[in-house]
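>>> Below are the sequence and a predicted model; questions follow.
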Amino acid sequence: MPKIADIQETPNPNAVKFILKEPVSFGTSHSFDSSDKAKDDKLAASLFEVGDVVSVFYMDKI
C-alpha cells in the first residue's frame with residue numbers, strides 16, 4: 001500500500017484529499033461509486049473497507 005505524505009481538506013466537507021509519496025495510477029484516473037465495482041482494484045477496495053466511504057477517485061498528480 002502507498003504511504004501517505006499529506007492529508008488535505010477539500011471544498012466538499014464530505015471529501016478528503018490524500019497526497020501519496022509514490023504514483024499509484026501511472027497516468028490514468030480511477031473512479032468507483034461502490035465497493036462492488038472496486039473489488040478488482042486493491043487500493044480502492046481497501047479504501048471502501050475503511051467504512052462510510054461512498055466513492056473513491058484517484059489519479060497521479062501530473
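That came through, no problem.
>>> what about the residue located most distally from the centre of the chain, which helix or strand?
Ranked by distance from the centre of the chain (C-alpha atoms, centre = their mean), the top residue is Pro11, with 16.6 Å. Pro11 is part of no helix or strand, with elements assigned from DSSP states H and E.
>>> who touches it in this structure?
Residues counted as contacts of Pro11 (C-beta atoms under 8 Å, 6 or more residues apart in numbering): none. Any C-beta I mention is one placed from the backbone N, CA and C, and that applies to glycine too.
>>> Give me the pLDDT for it.
Pro11 is assigned a predicted lDDT (pLDDT) of 97.
>>> Please report how far it lies from Ala5.
To Ala5, Pro11 is 21 Å away according to C-beta to C-beta, to the nearest Å.
>>> Over to Phe26?
18 Å.
>>> Tell me which of those two has more neighbours.
Applying other C-beta atoms under 10 Å to Phe26 and Ala5 shows that Ala5 carries more neighbours, namely 10 against 7.
>>> The more buried one contacts Ile19, correct?
Yes - taking C-beta atoms under 8 Å as the definition, Ala5 is a contact partner of Ile19 at 4.8 Å.
>>> For the spatially closest residue to His30 that is not a sequence neighbour, which residues are in contact?
With C-beta to C-beta, 6 or more residues apart in numbering as the criterion, His30 has its nearest non-adjacent residue at 5.3 Å, and that residue is Tyr58. Shown in contact with Tyr58 (C-beta under 8 Å, 6+ apart): Val24, Ser25, Ser29, His30, Leu43, Ala44.
>>> I would like a ChimeraX command selecting only the buried ones among those, please.
A single ChimeraX command selects the buried members of the contacts of Tyr58 (16 or more other C-beta atoms under 10 Å):
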select :43,44
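>>> Surely Ile4 touches Val16?
No - judged on C-beta under 8 Å, Ile4 makes no contact with Val16 at a distance of 10.7 Å.
>>> any chance you could map the strands in the protein?
For the chain, strands defined by DSSP state E occupy the ranges 4-9, 16-20, 30-32, 56-58.
>>> State the mean pLDDT of the second one.
Just to be clear, that refers to strand 16-20. On average, the pLDDT along strand 16-20 is 93.
>>> That's all I had, so thanks and see you.
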